[in-house]
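Undergrad: Attaching a predicted model along with its sequence, questions to come.
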Amino acid sequence: MNITLDKNDEQLTGLLTVHLTEADYAPTVDKQIKEYTKRAQVKGFRPGMVPVGMVRKMYGKGILAEEINKMLGKAVDSYIKENNIKLLGEPLPVASNVDFDTDKDFDFQFELGLLPDFTLPESLTAELHKVTIDDDTLAQTNEQIARQYGETTNPEVSEAGDYLFGKLKKADEEGDGRTVLLPINKVAADQQVQFIGKKGGDVITFDLQKAFNNDAASISNFSGLSKTEATDATGDYAFNVEKVNRTAAPEFNQELFDKVFGPEAVSSQEEFDAKVRETIQSNYDREAEGALNNSIVEQLVNTVDIKIPTEFFKKWLVRANEGKLTPELVEQHYTDYEKELKWSMIRNKVVEEAGLKVSNDEIVNRTLDKIMGQFNMPNMPDEMRESMRSYADQYLKQENGKNFVNEYEAILAEKVLENLRGKVVVTDKPVTAEEFRTLHS
């Protein structure tokens, strides 16, 4: 057996050729044919007494192809490992005209996508948005609480402060449109009149941008459009009213306080407002941390110089997702695929350079924490926690170990980001809640 690799450094590809002679495969094929004679059932012969020549004639070609495929797989894997070749995906077999009836020597070729080495930056800079909870944000949250816990009715005709439930679509668009709940009090003051006095079955045609003061965040919040889509949503829109929703605000008393935060957690409006602020702050802080991590990932993907074997990558995506991806779809979304690949390479390099590992205990403990969280028992006694380990082990083995892999990947991703955060110079940037929502919607 002879294996050669012809590299194209410019394209970051390689052509791996495996040359097999009869001496390479004949002993293994002969052994398999003899083994097959012990199991072969041929009319006129007792089991185990079928002549080797007959078995070779009947099944030899299939056995030869199977054994050569096994030999090729092992040979290619060994060559790649021994030569420390970093691959993108897997080797792609090159179509060849092989005649197992007449040929004795065979050449098989495989296309390789080669991953280049690259250097990670020694330091990074990023901003951490620190949200200040102002009175407007508190008032908006209390309004949401009132709507959630208040009594909702469906009056026949809408008034200021009501919500209109129905379908929204571009005025000249076919179809029913998307289901939305439009808050009249969020509409510009001089535009609200066209939404008041409406009832089920009415159709309101209005300028979407003008109605919401060209505020993409407000449009996005009620319509379900992305911020970019909301910005581009210009011209007249038609709203088909199905019903009017009106919520009578509940009294802010002990009964409501207990419903929101649990029995006797707070006992006055002041304590309630303080708890609401604390909860909002905690949520924004968590979102800000997530946004910072996303910013670090985006910065690395966009700035680290990594050359990709583009044409091979496109071909491999189609082959690896046969029936799900077409060349056209790959072209359409190629930028996203390339970003995912680059982040995967960066992540793997961090793991390698930092020697990051995930132990089985870490995976089990993380799973136990999630289970305890579902039962709302984060501080479960050690004895009870230990008794739940078998339940966690069973969960991790489900779906052929997919749950185990998911937990492993989640922990490793956290460790990678923690390692990267150690290299980041973070600057706190104060923002209002509205500014934060605009930045991250």
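TA: Cool, got the structure.
Undergrad: residues in contact with stretch 240-248?
TA: 146-147, 150-159, 161-168, 176-177, 181, 198-204 (Cβ atoms under 8 Å, 6 or more residues apart in numbering). Placement of C-beta: from N, CA and C, glycine included.
Undergrad: Spatially central residue for the protein, please.
TA: Glu340 (9.9 Å; Cα atoms, centre = their mean).
Undergrad: Past the strand of greatest length in the chain, which element shows up next along the chain?
TA: Counting residues, the longest strand in the chain under DSSP state E turns out to be strand 236-248. Using DSSP states H and E, the helix or strand that follows strand 236-248 in sequence is helix 254-261.
Undergrad: And that next one, what's buried?
TA: For helix 254-261, a neighbour-count test (16 or more other Cβ atoms under 10 Å) marks 256-257, 260 as buried.
Undergrad: And stretch 425-435, by the same measure?
TA: 431, 433.
Undergrad: Output that stretch in PDB with nothing but the alpha carbons.
TA: The C-alpha coordinates for stretch 425-435 follow below in PDB (Å, rounded to 0.1, in the frame of the first residue of the first chain):
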ATOM      1  CA  VAL A 425     -10.400  44.700  28.800                       C
ATOM      2  CA  VAL A 426     -14.100  45.500  29.700                       C
ATOM      3  CA  THR A 427     -15.300  49.000  29.900                       C
ATOM      4  CA  ASP A 428     -18.600  49.700  31.600                       C
ATOM      5  CA  LYS A 429     -21.000  51.800  29.500                       C
ATOM      6  CA  PRO A 430     -24.100  53.200  31.300                       C
ATOM      7  CA  VAL A 431     -27.200  53.000  29.200                       C
ATOM      8  CA  THR A 432     -30.900  53.400  29.800                       C
ATOM      9  CA  ALA A 433     -33.300  50.400  29.600                       C
ATOM     10  CA  GLU A 434     -34.700  51.900  26.300                       C
ATOM     11  CA  GLU A 435     -31.200  52.300  24.800                       C
END
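Undergrad: Mind listing residues that contact that stretch?
TA: 123-134, 136-137, 217, 280, 284, 292, 439.
Undergrad: So which of those residues belong to helices?
TA: The helices, defined by DSSP state H, take in 136-137, 217, 280, 284, 292, 439 from the contacts of stretch 425-435.
Undergrad: now, which of the residues you listed sits nearest Gln109?
TA: Leu292 (46.9 Å; Cβ to Cβ).
Undergrad: and the closest residue to the closest one other than its chain neighbours, how many residues sit next to it?
TA: Spatial nearest neighbour of Leu292, excluding adjacent residues (Cβ to Cβ, 6 or more residues apart in numbering): Leu128 at 5.1 Å. Residues lying near Leu128 (other Cβ atoms under 10 Å) number 15.
Undergrad: On the strand side of things, show who Leu128 bridges to.
TA: Per DSSP bridges, the residues bridged to Leu128 are Asp428.
Undergrad: quick one: it from Asp285, how far?
TA: Computed as Cβ to Cβ, to the nearest Å, the Leu128 to Asp285 distance reads 9 Å.
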